[in-house]
Structure formats: structure tokens, C-alpha cells
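Chemist: sharing a model prediction with you, sequence too.
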Amino acid sequence: MAVAYSKLYELIKNVKDEKEAEELCKIIEEFFEKQCKENVSKKFEEQKPVLKLELKEELRKELTTKEDLELIGEKILRYVDNKINQVIEKINQLDKKIDEGFYQLDKKVDTLKRDIIIIALIIILANYAPSIIGKILSFLK
């Protein structure tokens with residue numbers, strides 16, 4: 001490449017006509033443009049597999065895989081299962097409280113029934129006792 005640059009310099013140095021200089025400049029520009037394109041294409045083709053692998057790796061890191069989805073699904077199922085178990089536990093606790101409440105209510109109702117029966121007997125005895133006692137006493141005399 002160094003030889004090509006020195007020859008170009010010699011050619012440019014010897015040009016005296018403006019048209020020849022413009023033509024020479026166009027030829028040199030075309031040469032460098034072609035050379036640059038070839039070099040860039042060559043470098044790109046050399047780097048293409050490396051860039052492709054890097055891009056693939058980046059995409060792999062960014063995209064969700066089937067395994068990721070399965071892990072997330074398992075986590076969600078465990079979370080939902082845990083919440084369902086908590087709700088079932090609370091329902092069982094409430095069920096026990098309700099059962100205990102009904103048991104206490106039944107005991108109170110039974111006590112109330114007994115008390116009502118006793119009061120009814122007292123009322124009956126209070127109303128009819130004097131006449132019964134009087135008959136018993138008159139019978140004994």
C-alpha cells in the first residue's frame with residue numbers, strides 16, 4: 001500500500017493541466033471509495049459471526065424461555081395454593097367458632113327452658129297452693 005501512495009504522489013506532482021488533475025482526483029476518489037467499501041465489507045464479514053453470537057446471547061438474556069415460564073407458573077401455583085390453604089384455615093376457624101357459639105346457645109336455651117318450667121310451676125303452686133293447702137288442712141281436722 002505504501003508503494004501505491006508514493007506512485008500517487010508522483011502522479012499528482014507531475015500533473016500540470018486542471019482537467020487532468022480533476023480526472024486524476026476522480027480516479028483516486030473512486031479507488032479509495034472502492035477500497036474502503038471492500039475493507040468495510042471484509043471487516044463486516046469477519047465480524048458478522050461474532051456480532052451474531054453477541055446479539056443471540058443478548059436476546060437469550062432478554063427473552064423469557066419456556067423454563068422461565070414454567071418456574072413462574074410453579075411460583076404462582078404455590079402462591080395460590082398457599083392462599084387457598086390460608087382461606088381454608090380461616091374458614092375452619094370460623095366454623096369452630098360458629099359450632100362453639102351454637103353449643104353455648106343450646107346450653108342457654110336449655111337453661112332458659114328449665115327456668116321457665118320452674119317459674120311456671122312456682123306460678124301454678126302460688127295460685128293453687130292456698131286452696132290445696134286449705135283442703136289438706138280441712139281434711140286433717
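Modeler: Yep, that arrived. Numbering: from 1, shown residues only.
Chemist: neighbours of Ala21, how many?
Modeler: Here the count is done by other Cβ atoms under 10 Å, and Ala21 has 13 residues near it. In short, each C-beta sits where N, CA and C put it, glycine included.
Chemist: just the mean pLDDT for the strand or helix carrying it, thanks.
Modeler: Assessed by DSSP states H and E, Ala21 sits inside helix 18-62. For helix 18-62, mean pLDDT rounds to 77.
Chemist: next secondary structure after that helix?
Modeler: Downstream of helix 18-62 (by DSSP H and E), the next one is helix 66-140.
Chemist: elements contacting that following helix?
Modeler: The criterion is 3 or more Cβ pairs under 8 Å, 6 or more residues apart in numbering; DSSP states H and E, and there are no helices or strands that helix 66-140 contacts.
Chemist: now that helix: how far from the chain's centre is it?
Modeler: With Cα atoms, centre = their mean, to the nearest Å as the basis, helix 66-140 stands 43 Å off its chain's centre.
Chemist: can you check stretch 33-50 too?
Modeler: For stretch 33-50, the distance to the chain centre is 46 Å (Cα atoms, centre = their mean).
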